[in-house]
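Enquirer: got a predicted structure here, sequence first:
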Amino acid sequence: MKKITLSLVCLLTVWIVQAKPAQYEKAMKANLNKMKVAKTFAEMQTVADEFERIASNEKSKWLPNYYGAFVYVQMARLEEEAAPKDQLLNKADKLLKIAAKLSPKNSEIVALDAYLTLIRISVDSITRGRQYSGSVFTKVAEAQELNPKNPRPDFVLGILKLNMPTMYGGGTESACPLFKSAAKKFELKQPGNSLMPTWGKARNAQMMKEIGCE
């Protein structure tokens with residue numbers, strides 16, 4: 001009887017260990033699908049809340065906090081008023097710092113941090129451009145060094161260059177090669193699982209089309 005009981009306990013333990021990763025992946029994939037179609041602020045907030053809920057249950061995983069931060073950055077990009085835009089970026093920054101502690105020296109996290117800083121500049125491009133542009137350059141360089149195949153650092157730098165004055169090395173001619181480089185990297189098969197970041201490809205193509213970058 002004791003042997004049977006012990007066997008049942010062992011089987012139950014194995015089932016729980018195997019089920020938890022499966023539940024995590026299922027929850028993440030479901031919320032990523034919702035993220036792709038979310039258009040309103042309310043829909044985006046629901047997605048962000050769900051990523052934070054997953055993060056609270058999976059304290060060793062960096063991706064839930066990363067995606068929560070990404071959603072807040074996207075919301076900030078669409079927000080027109082300065083104060084709420086900054087509030088959303090502050091929420092994103094908080095989650096991204098948690099992700100960075102869980103996964104240090106991660107190219108994807110550093111690239112998203114650069115993107116977050118870029119959106120922060122858009123609140124007041126004249127004042128904040130001088131304040132934060134150097135930080136974007138530094139973060140992009142770090143993300144590129146950590147993973148030269150990651151397309152997102154090139155994409156972020158392309159946007160920054162496009163919006164910089166030509167006298168400081170900005171403009172279409174400076175941005176186009178970066179968007180082209182990102183486009184090539186977006187076509188490469190990226191290592192990793194199906195939960196890894198893929199954002200930026202569509203907008204990179206859109207930026208190339210808008211500036212006539214062939």
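Expert: Received it, and whenever you're ready, just let me know what you need. Every value quoted in this text rests on a predicted model; they were computed, and no experiment measured them. Numbers count the residues shown, from 1 in each chain.
Enquirer: so what's residue 125 up against?
Expert: residue 163 (C-beta atoms under 8 Å, 6 or more residues apart in numbering). Every C-beta, even on glycine, is put in place using the N, C-alpha and C of the backbone.
Enquirer: which pLDDT value does the model give it?
Expert: Looking at residue 125, its pLDDT stands at 88.
Enquirer: any figure for the gap between it and residue 179?
Expert: Per C-beta to C-beta, to the nearest Å, residue 125 is found 20 Å from residue 179.
Enquirer: for residue 164, same thing?
Expert: Residue 164 is 14 Å from residue 179, where distance means C-beta to C-beta.
Enquirer: residue 89 contacts residue 119, doesn't it?
Expert: Yes - in this structure residue 89 lies within contact range of residue 119 using C-beta atoms under 8 Å: 6.3 Å.
Enquirer: neighbour count for residue 164 and residue 179, which is higher?
Expert: The neighbour comparison of residue 164 against residue 179 (other C-beta atoms under 10 Å) goes to residue 179, with 27 against 17.
Enquirer: name the helix or strand for that one, please.
Expert: Residue 179 belongs to helix 172-187 when assigned by DSSP states H and E.
Enquirer: packing partners for whichever helix or strand comes after that helix?
Expert: Remark: after helix 172-187, the chain's next helix or strand is helix 201-210, criterion DSSP H and E. Applying 3 or more C-beta pairs under 8 Å, 6 or more residues apart in numbering; DSSP states H and E, one finds that helix 201-210 makes contact with helix 152-162, helix 172-187.
Enquirer: so the first one versus helix 201-210, what angle?
Expert: Okay, so that is helix 152-162. For helix 152-162 against helix 201-210, the angle by axes from the mean of the first three to the mean of the last three C-alpha atoms, to 10 degrees is 30 degrees.
Enquirer: thanks a lot, catch you later.
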